[in-house]
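J.: got a structure for you, letters missing:
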């Protein structure tokens, strides 16, 4: 929601006053309210929105340039597949009028009674007399597609689809948009039908009520809350009406369902005595369970309680700017942590558009514009923002100018500069490991490790369980001016495996731990993000001393069997390799027998009965005649208790039996232990 500072200040004052009230609004008995489950947005949506970089001056050409850049520079392939036009795309009036609608002194749409007389509307009465359809403005001229003339919005939807992308459009649940264009309140069926017919896949739905301050009969000043139906229908109800209209239009036109994003975390609170007695927010079980403070109406703030009942994406905080503090614990991260129940496939807590890679659109930063409020993120800050959103399973929607340097060139006040994203910031967006955390199908957002930070600059540690059993851990240095060394332990994380291997997602560094994680320097406003994998649990191998010959295959080799290279006619001293499995080939058959010292010797079924041996280090595993007590011929054989695979470690060199490749003829060899290396996990073929 983009509003004037005056309206925002008065609305925030209303929220503060209302929050301090005692008691709660009495509501009717709850009726079941199922979460929205319309089969879309099963993972957090990813893409781009025009507002942060292009504002209301967005044009058809700019959107095409963005689509081309995203598809040509790996962003679409990485998952950023939706391009959305924000507020300002339509004319200031509907097709049934020829000029913008009349406004009252407070900027609200002028409402009228049944006789056509203007009314204030602050008692919930008044009619919107506008009619017709929303019409794209001159920035979106009509085009011809396949011999058919279409409006500029429909053309851009077609163009996005032609590039394998989705297309999004902006609307509001109020009489006016935040930039005072026609909203969809009272026109839901018309607008939903038009959006679907134009090929819209995603709707950003905002909430911008204009109007005077409202002092109720109870003497309480509710400040600006809107007028007419904005006062008698909760935000919950207005969003639900539009969502149902979208689904109905999709069904009627035989088109896919549309993703609906509630963009606004309302700072206004509703006017309880005006809310319709049958408003669905009054009976929603989640709203009832959370309670509604005095002087507030159900179905407004906080959206994190109820939004997933009526929409796919839910803004849980206010608008953010190019200051990393907006996404840290004191603001949207702390808010997102309060509403994990709103996160599930088809429902996501939205932490607003990303400023990663955003460049100052107001001037040449540091030259013609020195306002710290317009300072672009450093690359460290960009990594921090993307990491936090990914840990919280939030939508990844960029507000950066995703165009080439030439297309995004700006000139003002004698300066020329580009607002286009840099190559280093582009790489931040495309980090596949971070995206994988965001898109993880377990759909469980991160939780805070330990106590809340003691100050705005204290480090924050988050952990998120992932679908494959891994755990993502994020360490955030909230200090804007100093490096930090946060750390945690497996015990603090509640992780119970004996040890874990890890990969630091941004640097690629790998390692393992059985106690402490982190403790390395993190730059100011930077992060370290780890993905931990529990080390496999092993026990005694059933093949040892069972008196049978077995064929074994290394993982990743498509069931090729370990064999004596050259077969049983080869002389002792030769190598081992892998080849296509033959159930009757004695060169592929091995026994596992305990030595007196408890180690295991592995013997082939050839007449010479060669013993598998390792060398002095990394290298080929070969066959020798038996030599009692020779550590190069001795192995430790353990079986993964979960998968049944074997881990085979040479006593002499301490290395693990592996393969040099995955094709026939690749040598058996010994390598340093790596639980994630497929070739070190051996499967029984017989």
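T.: Thanks, I have the structure now. It should be emphasised that the depicted structure is a prediction, and the values quoted were computed from it without experimental measurement.

J.: rest of the way, CA atoms for contacts and neighbours
T.: OK.

J.: what pLDDT, on average, does the longest helix that the chain contains get?
T.: Counting by DSSP state H, the longest helix found in the chain is helix 235-253. When pLDDT is averaged over helix 235-253, the result is 98.

J.: helices or strands next to that helix in the packing?
T.: Identification of packing neighbours for helix 235-253 by 3 or more C-alpha pairs under 8 Å, 6 or more residues apart in numbering; DSSP states H and E yields helix 188-198.

J.: now what about stretch 544-554, what contacts it?
T.: 543, 559-562, 578, 583, 588-594, 600, 605, 637, 658-659, 678-686 (C-alpha atoms under 8 Å, 6 or more residues apart in numbering).

J.: what's around residue 153, how many residues?
T.: 28 (other C-alpha atoms under 10 Å).

J.: might you list the low-confidence residue ranges for the stretch 1-150 of the chain?
T.: Applying pLDDT under 70 to the stretch 1-150 of the chain flags the ranges 1-34.

J.: again with the chain
T.: 1-34.

J.: hmm, 80 instead?
T.: Low-confidence segments of the chain (pLDDT under 80): 1-35, 265-267, 675-676.

J.: hmm, residue 96 is touching residue 129, no?
T.: No. Using C-alpha atoms under 8 Å as the test, residue 96 is too far from residue 129 to be in contact (9.7 Å).

J.: mind listing what residue 35 touches?
T.: Contacts of residue 35 (C-alpha under 8 Å, 6+ apart): 308-310.

J.: mind checking the SS state of residue 652?
T.: The three-state label given to residue 652 by DSSP: H, G, I helix; E, B strand; the rest coil is coil.

J.: please tell me I have it right and residue 40 contacts residue 261.
T.: No. Using C-alpha under 8 Å, residue 40 is not in contact with residue 261, being 11.5 Å away.

J.: out of the two, which sits in the more crowded spot?
T.: Counted by other C-alpha under 10 Å, residue 40 and residue 261 do not tie: residue 261 has more neighbours, with 28 against 18.

J.: which elements pack onto the helix or strand hosting that one?
T.: Assigned by DSSP states H and E, residue 261 belongs to strand 259-262. Using 3+ C-alpha pairs under 8 Å, 6+ apart as the contact test, the elements touching strand 259-262 are strand 202-206, strand 313-315.

J.: what comes up buried for whatever helix or strand comes next after the shortest one?
T.: Right, the one you point to is strand 313-315. Going down the chain from strand 313-315, the next helix or strand is helix 332-337, by DSSP H and E. Within helix 332-337, the residues scored as buried using 16 or more other C-alpha atoms under 10 Å are 332-333, 335-337.

J.: which residues touch the next helix or strand after helix 332-337?
T.: Next helix or strand after helix 332-337 toward the C-terminus (DSSP H and E): strand 348-350. For strand 348-350, the external contacting residues (C-alpha under 8 Å, 6+ apart) are 44, 263, 304, 308, 312-316, 336, 339, 342-343, 392-395.

J.: need the contact list for residue 651.
T.: 599, 631-636.

J.: quick revisit: angle of the longest helix of the chain against strand 202-206?
T.: 160 degrees (axes from the mean of the first three to the mean of the last three C-alpha atoms, to 10 degrees).

J.: host element of residue 383?
T.: helix 379-391.

J.: identify the residues contacting the strand holding residue 261?
T.: In contact with strand 259-262 (C-alpha under 8 Å, 6+ apart) are residues 40-41, 201-206, 239, 243, 307, 311-315.

J.: what's the distance between residue 604 and residue 550?
T.: Using C-alpha to C-alpha, to the nearest Å, residue 604 is found at 9 Å from residue 550.

J.: higher neighbour count, these two?
T.: A count of neighbours by other C-alpha under 10 Å puts residue 604 above the other of residue 604 and residue 550, at 24 against 19.

J.: before we move on, back to that, list the buried residues of the helix or strand following the strand holding residue 261.
T.: Note on strand 259-262: by DSSP H and E, the next helix or strand toward the C-terminus is helix 285-290. Residues of helix 285-290 classed as buried: 285-288 (neighbour count, 16+ other C-alpha under 10 Å).

J.: helix 285-290: how far from the chain's middle?
T.: In this view, helix 285-290 has its centroid 26 Å away from the chain centroid, taken as C-alpha atoms, centre = their mean, to the nearest Å.

J.: who does that helix touch, helix- and strand-wise?
T.: helix 303-306.

J.: the helix it packs on packs against which elements?
T.: For helix 303-306, the packing partners by 3+ C-alpha pairs under 8 Å, 6+ apart come out as helix 285-290, strand 313-315.

J.: direction included, what does the last one pair against?
T.: Here the strand partners of strand 313-315, with direction, are listed using DSSP bridges: strand 259-262 (parallel), strand 348-350 (parallel).

J.: now it, how far from the centre of its chain.
T.: With C-alpha atoms, centre = their mean, you get 12 Å for strand 313-315.

J.: related to what we said a few turns ago, need the winner for burial among the helices and strands packed on strand 259-262.
T.: strand 313-315 (a mean of 29; mean count of other C-alpha atoms under 10 Å).

J.: list the contacts of that one.
T.: With contacts defined as C-alpha under 8 Å, 6+ apart, strand 313-315 is touched by 260-265, 303-304, 307-308, 346-352, 395.

J.: now with 10 Å, please.
T.: Strand 313-315 is contacted from outside by 1, 41, 44-45, 203-206, 259-266, 302-308, 332, 336, 342-343, 346-352, 394-395, using C-alpha atoms under 10 Å, 6 or more residues apart in numbering.
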